[in-house]
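In: Based on what follows, work out the 3D shape:
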Amino acid sequence: MTLIVNQPEFGRRVRDIRRARGLSQADLSSETVSASYISLVESGRRSPSARAVKAIAAQLGVPLDELTAPAPPPAPTRLRLVGRLVSARAHQLAGDWVRARDELQLALAQADADPDAVEARWEVRWELAACHAHLEERDAALAVLDRLLDDPLTDAAPLLRARVLDQCARALRRADRPAEAARRAEQAVAALAEADAPVAASTEVLANLVMAHLEADDEQRAEERAEELSSALSDPGDDLPAHPRVNALWALAGVHYLAARPDRALELLDRADALLGSDDEIRLRTRLVRARALAAIAAGRSEDASLLVGQLSAVVALLGSPAERTVQAALEALAVLSRGGEGPTAEATSAIAPDTPGLAPVEQAWITVVRARAHRAAGRAAEAEADYRAAADHYERTGAYRSAMRVWRELSADGKPAGPEAVPLALFLP
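Out: So this is what the prediction gives:
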């Protein structure tokens, strides 16, 4: 008789019986199946062979039928839950993330009321965290991800745990909490070491870790992890998909940019740009063009910088938020200043508004420095000095004391930047 195994139902039954008997995955391991294999089976990511099924049943001390009998048909409430999940995904594809979020919140309420909806509840929370992140509802995204970290499904599968920890790190980076982001990203890399992770997943998680260390101002750890990332990037050859490769190149470019090697950073970013397709998300392409422009300015390639800044201008004017338009105004002024001469016009300088809502404190400080330079280039010494002092105060209040010292030195050096351009990495990295 042919043995039929229905996943993920089989894995769920194995996990439930194992936990009910107080056994670990290691307790179920044998010469036939390892603990990591049990983890893959329980999470539904591996369909076991007939030999493995018999070994698992023997270790649990249950008849085969108890593990392999067909699952009962889903209850009507379960069907409604799945329907809401499908509807939410359709809204996401249509770009209506608010309706997707609302649909998922209703689905989560249904899942919480059904103690058997274990897998569906996990999927709903995962999708809901993505919606909150897309809508920049950072605290809500982190709250949902924290619940996922506590979920037994996450705990049972190292690869799932790595995915959740990686998303936690990304959410913490967006929330301007770099030290916590780096800690979560390190945990994600450690979880991947326990799992048989695909190369693409390992590369993306490692790239996120490098960026987290950069933003946490831990250049040494960033450099160390960047060496690992470079090795991972060169190993798979052409097998690595475009997006993980783009993120890896971008992270490596950030290391070179921060180390005052802008030419090498620009080379890596140009390679990343060549990998993006025409159908890729426009905001991702916009951020990449901005990073290339910043690297070109730092490398003294003013013509390339002006061309890239010009490409950004129309997109940001049409689709950018007020904060993004302010960043664009500062970038345009920086490109003009890098060419020398009289500097930006008074009208262009007035568009540089550091108090625009939505800007992080370090972004406000950098934008204020750019405006100070524009004032100084136009001969407005009093306005320039006021902006330099305000920028230094911004940096000091965020704990960025080295950046504050750079501003004070620039103020006393007739407007000549003191060393490489200190652009906030949040504006440079994805």
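In: contacts, neighbours, all on C-alpha from now
Out: Fine.
In: Grab the nearest non-local neighbour of residue 156.
Out: residue 39 (6.3 Å; C-alpha to C-alpha, 6 or more residues apart in numbering).
In: Extract the C-alpha trace of the helix or strand hosting the one you found and format it as PDB.
Out: In this structure, residue 39 sits in helix 35-42 according to DSSP states H and E. C-alpha atoms of helix 35-42 as PDB (Å, rounded to 0.1, in the frame of the first residue of the first chain):
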ATOM      1  CA  ALA A  35      16.800  16.900  14.400                       C
ATOM      2  CA  SER A  36      17.100  19.500  11.500                       C
ATOM      3  CA  TYR A  37      15.200  17.100   9.200                       C
ATOM      4  CA  ILE A  38      12.400  16.900  11.900                       C
ATOM      5  CA  SER A  39      12.300  20.700  12.000                       C
ATOM      6  CA  LEU A  40      11.900  20.900   8.200                       C
ATOM      7  CA  VAL A  41       9.100  18.300   8.300                       C
ATOM      8  CA  GLU A  42       7.200  20.000  11.200                       C
END
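In: Give the next helix or strand downstream of it.
Out: As assigned by DSSP H and E, the chain's next helix or strand after helix 35-42 is helix 50-60.
In: Which parts of the stretch 101-250 of the chain are helices?
Out: Remark: helices assigned in the stretch 101-250 of the chain by DSSP state H, counting those that start in this stretch are 118-134, 138-149, 152-156, 158-174, 178-194, 199-215, 219-234, 242-258.
In: relative to helix 118-134, how tilted is the fourth one?
Out: What it means is helix 158-174. Following axes from the mean of the first three to the mean of the last three C-alpha atoms, to 10 degrees, one obtains 20 degrees for the angle between helix 158-174 and helix 118-134.
In: List of residues touching helix 158-174?
Out: 133, 138, 141-142, 145-146, 148-149, 153-155, 178, 180-185, 187-192, 194-197, 205, 208, 212, 215 (C-alpha atoms under 8 Å, 6 or more residues apart in numbering).
In: List only those of those flagged as buried.
Out: By neighbour count, with 16 or more other C-alpha atoms under 10 Å, those hold 133, 138, 141-142, 145, 148-149, 153-154, 178, 180-185, 187-189, 191-192, 195, 205, 208, 212, 215 as buried.
In: Distance check, the residue nearest the centre of the chain against residue 351.
Out: By C-alpha atoms, centre = their mean, the mean C-alpha position of the chain lies nearest to residue 170, the distance being 3.7 Å. When distance is defined by C-alpha to C-alpha, to the nearest Å, residue 170 is 31 Å away from residue 351.
In: before we move on, what about residue 268?
Out: Residue 268 is 31 Å from residue 351, where distance means C-alpha to C-alpha.
In: okay, the two: which has more neighbours?
Out: Neighbours per residue, other C-alpha atoms under 10 Å: of residue 268 and residue 351, the larger number sits with residue 268, 21 against 16.
In: CA atoms of the helix or strand hosting that one as PDB?
Out: Assigning secondary structure by DSSP H and E places residue 268 in helix 262-275. Taking Å, rounded to 0.1, in the frame of the first residue of the first chain, the C-alpha atoms of helix 262-275 are listed here in PDB:
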ATOM      1  CA  PRO A 262      33.500  56.900  -3.000                       C
ATOM      2  CA  ASP A 263      34.900  55.800  -6.400                       C
ATOM      3  CA  ARG A 264      34.600  52.200  -5.300                       C
ATOM      4  CA  ALA A 265      31.200  52.800  -3.800                       C
ATOM      5  CA  LEU A 266      30.000  54.300  -7.100                       C
ATOM      6  CA  GLU A 267      31.300  51.400  -9.100                       C
ATOM      7  CA  LEU A 268      29.300  48.900  -6.900                       C
ATOM      8  CA  LEU A 269      26.200  51.000  -7.100                       C
ATOM      9  CA  ASP A 270      26.400  51.200 -10.900                       C
ATOM     10  CA  ARG A 271      26.600  47.400 -10.900                       C
ATOM     11  CA  ALA A 272      23.500  47.300  -8.700                       C
ATOM     12  CA  ASP A 273      21.700  49.700 -11.000                       C
ATOM     13  CA  ALA A 274      22.400  47.500 -14.000                       C
ATOM     14  CA  LEU A 275      20.700  44.600 -12.300                       C
END
